[in-house]
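> Everything below, folded, please.
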Amino acid sequence: MWLKVLNQILKMVQPVVDWMETKLNVWTTPITESLVVGTVNDLIKSKPALVAQNAFLRQQLMVLKRQVKQPKLTDRDRGLLVLLASRVRHWKNALLLVKPDTLLRWHREGFKLFWRLKSKAGARKPRIAEETITLIKQMALDNRRWGTKRIQGELLKLGVHANRGTIGRYMQQARRSVPPQPHGQTWATFLKNHAHEIWACDFVQTFDLFFRPIFLFFMIEHHSRRVVHIGVTRTPTDAWVAQQVREATPFGSGPRFLICDNDAKYGLRFNHAAIGAGIDIVHTPYFTPKANALCERFIGSVRRECLDFILIWSEAHGRRVMREYITFFNQARPHQGIQQQIPVPPAGPPTAHRKVVAHSVLGGLHHDYRRSA
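Numbering: from 1, shown residues only. As a prediction, the model looks like this:
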């Protein structure tokens, strides 16, 4: 009788036991990306079941290794592999994704990173004033050729004491933040530093009414944009250009440098005339019109403002037209390169209350506006 009762109780309890076993299996099934849950599940399994599962997973890893040449591992994956390998006696036999040397290299890199962070010194307050640091950085940027000794001397001149190591550290910080400049003086710097002593010359070729070529030779001052000389000819030769240099520099009143291109018209006689006037000739490189940009700009202006609208009859007519245009260019036309100033400004300030009078230039092609006398 008791056996029958026990069987009835087991039949009633069995569904509950099956339901609880199913739920337990679901709860203890390892999640793909959870190492902790999988480890807890392995702890409650028997050894034969654990060995069978490891063999099953190992076979899948071997198949994956044949398919994937280089697996992508994150820093977290590398750290966990290094940590787990330290707890496994025969970790080299269990390692399938990477080589043992790779795992050892990860361990060395982590060791270096640990001690680098541990031994890193904390930020300390600078021993010199912030004003001095700013001054050192400004000197380092403004004077690229200065070293630590030169800056240290400048600071001593201002009554500021700083050792060379401190100066060198802040120099590097300042110069590292801006791109390096090319070694030596640039062409733009040369033109800017010597603008008062530089003239430039070039030719403008045009044609007369009968399509015969006429050459206009001009020399222009860099600093003021003033055209100092103009010459007109049909046959520009070395001797003719040399004579233009002599006429433009009477009594040695010439520049220190004269920029020109490599045209054959600037020959031996031209060089002798320039040397006699105390002028150093600077030839621009080939295929670099920007090296003589001031002359190129003037050529464009003289074409757009004069030659494109006037027919030249002869050499003498071209000379008269160019003299009138150069007078307008030097004494009446504002220039952007010198902040809208005039190369040869009129004497005295303009009188505001006087009447504005327009003077015709080149037959009305341009007008010069001035206050009446």
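> Each with direction, which strands does the strand or helix carrying residue 258 pair with?
Residue 258 is located in strand 257-260, with elements delineated by DSSP states H and E. Sheet neighbours of strand 257-260, with direction, are listed as strand 198-207 (parallel), strand 280-283 (parallel) (DSSP bridges).
> what's the burial count for residue 260?
22 (other Cβ atoms under 10 Å). (Glycine included, C-beta is placed from N, CA and C.)
> partners of it in the sheet?
For residue 260, the beta-bridge assignment (DSSP bridges) gives partners residue 283.
> Please determine how far residue 79 is located from residue 229.
Between residue 79 and residue 229 the distance, using Cβ to Cβ, to the nearest Å, works out to 80 Å.
> ok, the two, which is more surrounded?
In terms of neighbours (other Cβ under 10 Å), residue 229 is the more surrounded of residue 79 and residue 229; the figures are 17 against 14.
> what's the distance between the more buried one and residue 219?
According to Cβ to Cβ, residue 229 and residue 219 sit 4 Å apart.
> which neighbours do these two share?
In terms of Cβ atoms under 8 Å, 6 or more residues apart in numbering, residue 229 and residue 219 are both contacted by the residues 244, 248.
> Contacts for the strand holding residue 258 next, please.
By Cβ under 8 Å, 6+ apart, the surrounding residues in contact with strand 257-260 are 194, 197-202, 219, 245, 266, 274, 279-284, 291-292, 295.
> name the helices or strands packed onto whichever helix or strand comes after that strand?
Going down the chain from strand 257-260, the next helix or strand is helix 268-276, by DSSP H and E. Identification of packing neighbours for helix 268-276 by 3 or more Cβ pairs under 8 Å, 6 or more residues apart in numbering; DSSP states H and E yields helix 238-248, strand 280-283.
> Relative to residue 113, which of these is closest?
Distances from residue 113 to each of the helices and strands packed on helix 268-276 were compared using Cβ to Cβ; the minimum, 57.9 Å, belongs to strand 280-283.
> Report the buried residues of the closest one.
For strand 280-283, a neighbour-count test (16 or more other Cβ atoms under 10 Å) marks residue 282 as buried.
> tell me what the helix or strand just after it is packed against?
If you walk from strand 280-283 toward the C-terminus, the next helix or strand you reach (DSSP H and E) is helix 293-302. Judged by 3+ Cβ pairs under 8 Å, 6+ apart, helix 293-302 is in contact with strand 198-207, strand 213-221, helix 315-331.
> what's the angle from the first one to helix 268-276?
Compare the direction of strand 198-207 with that of helix 268-276 by axes from the mean of the first three to the mean of the last three Cα atoms, to 10 degrees and you get 150 degrees.
> ditto for the last one
Here helix 315-331 runs at an angle of 30 degrees relative to helix 268-276 (the same axes, to 10 degrees).
> Okay, buried residues for helix 315-331 please.
Of the residues in helix 315-331, those with enough neighbours to count as buried (16+ other Cβ under 10 Å) are 317, 318, 319, 321, 322, 324, 325, 326, 328, 329, 330.
> same thing with stretch 151-158?
Residues 151, 152, 154, 155 are the ones in stretch 151-158 that count as buried (16+ other Cβ under 10 Å).
> swap in stretch 247-258?
When burial is assessed from 16+ other Cβ under 10 Å, stretch 247-258 yields the following buried residues: 248, 249, 254, 255, 257, 258.
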